[in-house]
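Undergrad: got a structure for you, letters missing:
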């Protein structure tokens, strides 16, 4: 059965609206830059409040869970009743959280502050993903990558700015990042106005590309319910593999470099920036390559392809460690856009719910993983943590069980 679409008067359905894609990407850049401040100042918080690695992991747990639990519910609600104001509202929560973190005087105060920042992310992501797909003009992988690369670039720049502004001058200087949050609120208010004017145009009405006769791919809408659910579970397993490994890098790579190679906090932050910059590059490559060659192939390469490099990383010197971290960042980050768009093809018309589920699960599993890895580091060593996490990309073999679906590759 061939998918059909009703004609729409909205240009967003017919062509890619790059101005909106870059605007929402920049909003994502601001959101994730501000979120990246939190793990970037872990060494400072550890010293200021005399924390152990378990408590560092607990901060990440609270932060990531608050950024994850609400997302599927927000996405489900906005599938039914889209709310353009939620973009700016999410940034408002982040602003309040940063103000609170800049004056936090106790560990519990820190937990409350990061919880507010996490809620901001939880409100922002589902509706922002919908905006990206609405403006995609059918180039969903490219649109998701443009949106996602903004977030990854923000995550890369955040630690660098923290190293230059916060680490040398103290916790109170977090308040300077509140100005960036205000810029984000203004920008997302403008995007929200465009979104309100185009809200009737649904990505689910787009015509999926035809495939040639005799092809083994099938439309997602003829897959059985059990096959769709099974495929979603496989994608979540892949997200588990990717984001537990990413949690080891974003939360503990600086500690690993400090412990193993005797680097200063600032030096370690610059190397973390190199890894996160590589993540941004990999993200934009993954989406466009997924549109061209098929998202399932990119998922294969992105998860399993990182394994040789992750397995080697714990056994080399500083220079090669940084080189491998950059390679890993490029490879492993190309998966998320492909996974998310593949999932929205499996469940047409549920962009908000699927985006909320996958962003939420990614953040939540990263938080749980970080807490566990912090505990494990206290019980063993930070180097042992990296040796164990090196095996996670091998889980990518489960990609074999994903079906080939129509829409996975543009004609």
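TA: Cool, the structure landed. What you see is a predicted model; the values in this text were computed from it and never measured. Numbering: from 1, shown residues only.
Undergrad: the bottom helix or strand of this protein by mean pLDDT?
TA: None of the helices or strands of the chain scores lower by mean pLDDT, DSSP states H and E than helix 11-14, at a mean of 47.
Undergrad: downstream of that one, the next helix or strand is which one?
TA: Using DSSP states H and E, the helix or strand that follows helix 11-14 in sequence is helix 18-40.
Undergrad: buried residues in that next one?
TA: Within helix 18-40, the residues scored as buried using 16 or more other Cβ atoms under 10 Å are 20-21, 23-40. To be clear about C-beta, it is placed using only N, CA and C from the backbone, and glycine gets the same treatment.
Undergrad: what's the answer for stretch 390-402, then?
TA: Here stretch 390-402 shows 390, 392, 393, 395, 396, 398, 399, 402 as buried, counting by 16+ other Cβ under 10 Å.
Undergrad: of those, closest to residue 365?
TA: Taking Cβ to Cβ as the measure, residue 392 is the one of the buried residues of stretch 390-402 closest to residue 365, at 11.3 Å.
Undergrad: and the pLDDT at that closest one?
TA: We have a pLDDT of 93 for residue 392.
Undergrad: would you confirm that it contacts residue 310?
TA: Yes: here residue 392 reaches residue 310: they are 7.2 Å apart, a contact under Cβ atoms under 8 Å.
Undergrad: what do the two both touch?
TA: Common contacts of residue 392 and residue 310 (Cβ atoms under 8 Å, 6 or more residues apart in numbering): residue 245.
Undergrad: which ones are touching residue 343?
TA: Contacts of residue 343 by Cβ under 8 Å, 6+ apart are 232, 235, 354, 357, 358.
Undergrad: reformat the residues you listed as JSON lines; add secondary structure, distance to residue 249 and neighbour count.
TA: Below are those laid out as JSON lines (DSSP: H, G, I helix; E, B strand; the rest coil; distance: Cβ to Cβ, whole Å; neighbours: other Cβ atoms under 10 Å):
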{"residue": "232", "secondary structure": "helix", "distance to residue 249": "26", "neighbour count": "17"}
{"residue": "235", "secondary structure": "helix", "distance to residue 249": "21", "neighbour count": "25"}
{"residue": "354", "secondary structure": "helix", "distance to residue 249": "26", "neighbour count": "27"}
{"residue": "357", "secondary structure": "helix", "distance to residue 249": "23", "neighbour count": "25"}
{"residue": "358", "secondary structure": "helix", "distance to residue 249": "20", "neighbour count": "25"}
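Undergrad: how far away is residue 354 from residue 297?
TA: Noted for residue 354: a distance of 21 Å to residue 297, by Cβ to Cβ, to the nearest Å.
Undergrad: where along the stretch 151-300 of the chain do the helices fall?
TA: Using DSSP state H, counting those that start in this stretch, the helices of the stretch 151-300 of the chain run over 177-197, 225-261, 265-293, 295-304.
Undergrad: got the contact list for stretch 172-190?
TA: For stretch 172-190, the surrounding residues in contact (Cβ under 8 Å, 6+ apart) are 23, 26-27, 30-31, 33-34, 37, 41, 87-88, 90-92, 94-95, 98-99, 101-103, 124, 161, 165-166.
Undergrad: measure the closest residue in space to residue 318 that isn't next to it in sequence to residue 322 for me?
TA: Nearest residue to residue 318, sequence neighbours excluded (Cβ to Cβ, 6 or more residues apart in numbering): residue 261, at 4.7 Å. Distance from residue 261 to residue 322, counting by Cβ to Cβ: 10 Å.
Undergrad: now swap in residue 151 and tell me
TA: Relative to residue 322, and taking Cβ to Cβ, residue 151 is found at 23 Å.
Undergrad: which of those two has more neighbours?
TA: A count of neighbours by other Cβ atoms under 10 Å puts residue 151 above the other of residue 151 and residue 322, at 28 against 18.
Undergrad: need the pLDDT of the more buried one.
TA: Residue 151 is assigned 81 on the pLDDT scale.
Undergrad: ok, it - contacts?
TA: Residue 151 neighbours (Cβ under 8 Å, 6+ apart): 25, 28, 29, 31, 32.
Undergrad: the second one is in contact with residue 147, isn't it?
TA: Yes: shown here, residue 28 and residue 147 form a contact pair, counting by Cβ under 8 Å, at 5.7 Å.
Undergrad: any low-confidence regions in this structure?
TA: Along the chain, segments meeting pLDDT under 70 span 1-14, 200-222, 405-411.
Undergrad: same thing but at 50, please
TA: Residues of the chain meeting the criterion pLDDT under 50: 1-13, 201-219, 410-411.
Undergrad: any idea how far the closest residue in space to residue 260 that isn't next to it in sequence lies from residue 317?
TA: In space, and not counting its chain neighbours, residue 260 is closest to residue 383: 6.0 Å by Cβ to Cβ, 6+ apart. Computed as Cβ to Cβ, the residue 383 to residue 317 distance reads 13 Å.
Undergrad: give me the more crowded residue out of those two.
TA: Using other Cβ under 10 Å, the more surrounded residue of residue 383 and residue 317 is residue 383, with 13 against 9.
Undergrad: work out for me the element that one sits within.
TA: Element membership of residue 383, judged by DSSP H and E, is helix 382-389.
Undergrad: thanks a lot, see you next time.
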